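*Asks:* coordinates only, sequence not included:
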């Protein structure tokens, strides 16, 4: 993990990267919150998407060849990292990106130790069995605000309560390098990082080649490529070292 | 615990109590965040401060007779409860209330189950051995803002990091009715409640009768009675049922 982290630290001082459309800064700050399209920015991260062991698991789970729908790094610095409200990725990908069915999943590789106090990923087990629509019309270019701080289109509290009462919440913990694979419709979120320990998570979203994107079902224009890949649906091949 | 919780639910609809100076509402909301002086508001809670088992432990730890310096209930409703920034109570009680020495402690009784996800109390073990001054002058009537959302007088991140690296963070969990006793100078805080499970904690602050208040060391006027008792320093006597 050390070489990946070193590369990420270099990005923190990269003024060009900070200005690029796929880089989201913390609300009201100049610090990086998320870099989208990390596998396009970095050869090293691109090679990781084709890791033979990772790819074998993903293809087994999705039952077909796969490609990268989205990739990102989330930063959560000590004391300052904000949280993410509860959401299902698929709800957004379906509505705003035109992904037809739940044939995608996220691989999250923790680049720093993930503990109880540095704002770990929280998931509601079993929530992927339910589709919880977010009420209200999605404004055009909603992503520009929602990636910083989600205000519209959040799942209703009553639905979240039902899901939590049924199956509780889980926050997988583990040392840097640990892998969490979760289904694209799993309800998840994370809290503020009140500890001194930074948290960085890498996300690769794999989609089945049998589930490529249509026009967005919400009727808006498609979101940018860095959020939803519409240009390269070639099946990923394992890269042997 | 059920009778205490029932009494608290009744307070939620008590318009007079909501307007009283000792009741702090959530920032930007009409919901109760904290009721100070709960042992003055309620006979039942007052009797609990004199519980023989509780009092015996407190007197053993403080090595003298004791009285109540402050009492409060913190509410943290599901999905909406805000957190509390890291702080040492003694730092405030010394500077703003004129408490001479670290001869006080907090008894926190959880009135609801305290789990990993409903914003439990977090403590830094061993931090009570260090006095971390908060930089900057305390404005007069600072408490009116700081009880809702702390903006000035927070401990420096560098000190918090040092304390955390030395002894980590602990968040005691337990069912309703569990008791946590912590020293008045222990650094503590709590995160946002992102779960559906409300969290209510009851705090009784006991001070040694050998440690009664002077004029505030910061030079401001004393804070109100509901925050710092200056009128009744009589030793508490155990109440037998």
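*Replies:* Thanks, I have the structure now. Source: prediction; values computed, not measured.

*Asks:* interface residues of chain A facing chain B?
*Replies:* A:78-79, A:83, A:86, A:116-117, A:122, A:157, A:160-161, A:164-165, A:169, A:171, A:189, A:191-192, A:194-197 (C-beta under 8 Å from any C-beta of the partner chain). Where you see a C-beta, it was placed from the backbone N, CA and C, and this is true even at glycine.

*Asks:* Which members of these are positioned in strands?
*Replies:* Counting by DSSP state E, the part of these found in strands is A:86, A:122, A:189.

*Asks:* wait, what's in contact with the spatially closest residue to the first one that is not a sequence neighbour?
*Replies:* This means residue A:86. Distances taken as C-beta to C-beta, 6 or more residues apart in numbering or on different chains place residue A:189 nearest to residue A:86, at 4.1 Å, with adjacent residues excluded. Going by C-beta atoms under 8 Å, 6 or more residues apart in numbering or on different chains, residue A:189 touches A:83-87, A:122, B:194.

*Asks:* Which one (most neighbours) among these?
*Replies:* Neighbour tally across the contacts of residue A:189 (other C-beta atoms under 10 Å in any protein chain shown): the maximum, 26 neighbours, falls on residue A:86.

*Asks:* okay, that one: pLDDT?
*Replies:* You'll see residue A:86 listed with a pLDDT of 95.

*Asks:* Okay, it and residue B:78: tell me how far apart.
*Replies:* 12 Å (C-beta to C-beta, to the nearest Å).

*Asks:* Return a selection command, for use in PyMOL, containing the buried ones of the residues of chain A next to chain B.
*Replies:* Here is the PyMOL command that selects the buried residues among those (16 or more other C-beta atoms under 10 Å in any protein chain shown):
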select buried, chain A and resi 78+79+83+86+116+117+122+160+164+169+171+189+191+192+194+195+196+197
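
*Asks:* Which members of the residues of chain A next to chain B are positioned in helices?
*Replies:* Counting by DSSP state H, these place A:157, A:160-161, A:164-165 in helices.

*Asks:* hmm, who's touching the helix or strand residue A:47 falls within?
*Replies:* Per DSSP states H and E: residue A:47 is located in helix A:43-49. Under the contact criterion C-beta under 8 Å, 6+ apart, helix A:43-49 has outside partners A:3-4, A:7, A:38-40, A:54-55, A:68, A:71, A:109, A:202, A:204, A:236, A:239.

*Asks:* Can you give me the first-to-last residue distance of stretch A:31-44?
*Replies:* Counting by C-alpha to C-alpha, to the nearest Å, you get 23 Å between the two ends of stretch A:31-44.

*Asks:* now stretch A:190-203: mean pLDDT?
*Replies:* In this model, stretch A:190-203 has an average pLDDT of 94.

*Asks:* measure that stretch end to end?
*Replies:* Using C-alpha to C-alpha, one end of stretch A:190-203 lies 14 Å from the other.

*Asks:* same deal with stretch A:38-49?
*Replies:* With C-alpha to C-alpha as the measure, stretch A:38-49 spans 10 Å from end to end.

*Asks:* thinking again about what came up before, any chance of the ones in helices among the residues of chain A next to chain B in JSON lines, with pLDDT too?
*Replies:* Listed next are these as JSON lines, based on pLDDT from 0 to 100:
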{"residue": "A:157", "pLDDT": "93"}
{"residue": "A:160", "pLDDT": "96"}
{"residue": "A:161", "pLDDT": "97"}
{"residue": "A:164", "pLDDT": "98"}
{"residue": "A:165", "pLDDT": "97"}
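
*Asks:* can I assume residue A:34 is in contact with residue A:70?
*Replies:* No: assessed by C-beta atoms under 8 Å, residue A:34 is found out of contact with residue A:70, at 10.8 Å.

*Asks:* ranges for the helices of chain A?
*Replies:* With helices called from DSSP H, chain A shows them at A:2-11, A:15-19, A:38-41, A:43-49, A:52-62, A:89-97, A:143-146, A:157-167.

*Asks:* By mean pLDDT, show me the worst of the ones you listed.
*Replies:* With a mean of 67, helix A:143-146 has the lowest mean pLDDT of the helices of chain A.

*Asks:* so what's the most centrally placed residue in chain A up against?
*Replies:* Centroid-nearest residue in chain A, with C-alpha atoms, centre = their mean: residue A:203, separated by 5.0 Å. Counting by C-beta under 8 Å, 6+ apart, residue A:203 makes contact with A:70-74, A:106-108.

*Asks:* so which of the contacts of helix A:43-49 would you say is closest to residue A:214?
*Replies:* The closest of the contacts of helix A:43-49 to residue A:214 turns out to be residue A:68 (C-beta to C-beta; 18.1 Å).

*Asks:* quick one: that closest one and residue A:210, what's the gap?
*Replies:* Relative to residue A:210, residue A:68 is positioned 15 Å away (C-beta to C-beta).
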